[in-house]
Structure formats: structure tokens, C-alpha cells
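> with the input below, show me the fold.
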Amino acid sequence: MSGSDDDVIIRIEDVTKRWGKVVGVDRVSLEIRRGEFFALLGPSGCGKTTLLRMIAGFEMPTEGKIWIDGQDVSAVPPNKRPVNMVFQSYAVFPHLTVYDNVAYGLQFDNVAKADQYQRVMKALADVKLDHLAERKPDQMSGGQRQRVALARALVKRPKVLLLDEPLSALDAKLREAMRFELAELQDKVGITFVMVTHDQDEALAMASRCAVMERGRLMQTATPANLYEFPANRFVADFIGSVNMFEGQLIADEPDHAIVESPELGGKIYFDHGVSGASGEKLWVGVRPEKIELVKKLEGAPVPTPEDSPEGCNVVAGVIHQISYLGSESVYEVKLANDRIVRVSRPNLSRWDQEDFTWDDPVWLRWHGDSPVLLQV
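Numbers count the residues shown, from 1 in each chain. I've put the predicted structure just below:
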């Protein structure tokens, strides 16, 4: 595989990192495109930070190669790579003004004073801090200190900006606001951003593409929408959002539909497309809570099978066991006849929506044929 490609800024080729018998990153291959906001996503200990540190040069691969902008940097020290990094703790100098914090790297590189001033003020303007150039970091909020760290990294004009959990030190309200600001900043400066996070909402909100990792391995790389709607396996489906998973067997697979029989669900699951599986094969089906509809079970009323599904498919009876009111939505836990719990979420479109259903209500659960997704183990 060649290291050159006009559209690719970072190419990771079969990279492994070991410390003795401990494997931190296990044979990862990945391409990151020029100018995109890319997220490395996964739980603690999955290898995402180790992979970021290898891109930065703070760790060297045990095996494999890393290319940045067409150059093999696998053995190149950090200060010789066209990247800069924003750390989780920001690491701004408390004794220096905002201006001097941002100018520090340029002074170290012996950049002329006039050029320093123009570049520092441009970087501060990009992060909306040019009016606070003379302040000290301890006179600023956490969000403002984060912007100082961003400006200090951007002023060096790197080809890639690496961000290690950049929002984790902020409170929930500020973190949400900074998601939009960081995405807007990336779009404005046009530099490739590579971010590490364990927060799925953060990654989905900001990144143009995400790589999900688990136990050092790359599980799936896709856009946020495709990760959520078309997860490649059970781990991705469970890690990205909430999902109901049912074990079953494939009993029909035609070009335009498939049917899975699930004793765990107590019914059949219909797909409005083929799934290319073997008849009788054990597999898993995922259905997101927001794709399931609650229907009150009325005495004598017919079974409310979805219009796009055969009779008896994609519908099951249960009783509301628990309700969680979350403001914008309500989450219902519905207990089936076999005591299996299925989660259903409904948006609260009006102030009275949450009163439609209550505890111990008998209900039907139903979903359309395009809602379930086939999941590999």
C-alpha cells in the first residue's frame, strides 16, 4: 500500500502496539481524509488514546506504519511531524497572558515579532478570544481556557490537529455548547481534526466520520448516521445509543424480504429486504427504542401488525413495567410474557404526551420492516 493519496492526510497501515504481552492496539488499518473532523470512539481501555499518541509520535508502533501527508512518520519524533495536540487538561501556562500562551511556540521557533503578532491575533480571533489577549488563564472560564489551548495549537499551522478528550473537563451545559463551537472552528480553519472521545453523543454531534474501537481493534468506521442506523456488529449497536437485541434464527431470506424467528422475543421479525444469511443460522436482530411504537391493547381489538409486515410479524404484547420521564422524551420498559424487558422511547411533542400510557398498561409493541438491523456476533 502506498503512502500517497491526494484525499488522504493520515494512513495507518496494520499498526500494532504492544507492551510485553499487553496489546494496546491490534492490527489497525485506517484512512483519515484531508479536511475532515474524525473521531476515535470507544470505551476506556479500547486503544483509542494509544492510537492518537502514535499519530502524534509520543508512542511508536510495535508493528505497522503511519503515513502523514504522504510521509512515513512511523519513526519520526513528535516535533518533526506536521501535527499539534490539544491535551485533556489544556496545559496552558498560568503565569503567561493569553497572548503569550499562544505565541509561545512561535517564539520557540524564532518567528519574527511582526509575523508572530499577526498569527497570534488571527488564531485568537478564530477562537473568539482576541478581546482577551492580555488576560491570565486563571481569570477565565474552563471553556475559555480550552480555546486558548486550541489557539496555541492552531497558530503553528499544523496539517492535523489532535484532540484528546477535549471537552471532558467542562460541565454538561458548556460541553454541549462547545460541541457546536469546535465543529464550527474546524469548518472555518479547514484543518483535519482527529479527536479521541468515549462520549458517543460528542462524536456523533461533531465528527464527519467515526472509528469505533474495542480491545485494541477497529470495529467499524462510518459516518455518525451509518454507525447508528447500520451498525456492523452487536458491540457497535450497543455502544452507539440504546438498542433492543433479540437472538433468533433465519427462517426465510428472499431478495425483497427476510424473516427471523425469535423465541426470546416470542414472535417473528420481518425485514423489508434480504439479509444474505443461511437458513437456520443463529443471529441477532437490533431494534432501536425510538423505532418501536406503543399501542394500547384493547379488549377485542385486532392485533395491530404494521402495514408493511406480514400478519403476526413485528408485533408483540407486553405490559408497561417502568417509565422514565426525560423531558424531551419518555422511556418505557415493557415486560413481555417471558419477562424479557423491551425499551421504547417516545418524544414528548406536547406537555401531555407522557400521560398517554401509565404503569401496568397492557400494550402492543410494533415496528416497521425497515426498522430492524441484522447484527453479527
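
> for the helix or strand hosting Ile320, packing partners?
Assessed by DSSP states H and E, Ile320 sits inside strand 315-325. Where contact means 3 or more C-beta pairs under 8 Å, 6 or more residues apart in numbering; DSSP states H and E, strand 315-325 is packed against strand 329-336, strand 341-347, strand 362-366. Just so you know, the C-beta spots here come from the backbone N, C-alpha and C atoms, and that holds for glycine as well.

> would JSON lines of those strands with distance to Pro231, mean pLDDT and mean neighbour count be doable?
As requested, those are exported to JSON lines (distance: least, C-beta to C-beta, whole Å; pLDDT from 0 to 100; neighbours: other C-beta atoms under 10 Å):
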{"stretch": "strand 329-336", "distance to Pro231": "20", "mean pLDDT": "96", "mean neighbour count": "19"}
{"stretch": "strand 341-347", "distance to Pro231": "16", "mean pLDDT": "97", "mean neighbour count": "17"}
{"stretch": "strand 362-366", "distance to Pro231": "21", "mean pLDDT": "97", "mean neighbour count": "19"}
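
> okay, now the unreliable bits of the stretch 251-377 of the chain?
Scanning the stretch 251-377 of the chain for pLDDT under 70 picks out 353-354, 377.

> coming back round to it: name the strands paired with the strand holding Ile320 and say parallel or antiparallel.
Partners of strand 315-325 in the sheet, by DSSP bridges, are strand 329-336 (antiparallel), strand 362-366 (antiparallel).

> distance to Gly64 for those - can I get that in a markdown table?
Formatted as a markdown table, the strands paired with strand 315-325 follow (distance: least, C-beta to C-beta, whole Å):
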| stretch | distance to Gly64 |
| --- | --- |
| strand 329-336 | 43 |
| strand 362-366 | 47 |
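
> hang on, the earlier thing: between the helices and strands packed on strand 315-325, which one is nearest to Gly45?
Nearest of the helices and strands packed on strand 315-325 to Gly45, taken as C-beta to C-beta: strand 341-347 at 26.6 Å.

> which neighbouring elements make contact with that closest one?
Using 3+ C-beta pairs under 8 Å, 6+ apart: strand 341-347 touches strand 293-296, strand 315-325, strand 329-336.

> tell me which of the strands paired with strand 315-325 lies nearest to Asp308.
strand 362-366 (10.7 Å).

> quick one: contacts of the closest one?
With contact meaning C-beta atoms under 8 Å, 6 or more residues apart in numbering, strand 362-366 is reached by 292-297, 303-306, 314-320, 334, 342, 344, 357.

> that one versus strand 341-347: what angle between them?
Computed by axes from the mean of the first three to the mean of the last three C-alpha atoms, to 10 degrees, the angle separating strand 362-366 from strand 341-347 equals 80 degrees.

> just after strand 362-366, pick out the following helix or strand.
Next along the chain after strand 362-366, taking DSSP H and E as the criterion, comes strand 373-375.
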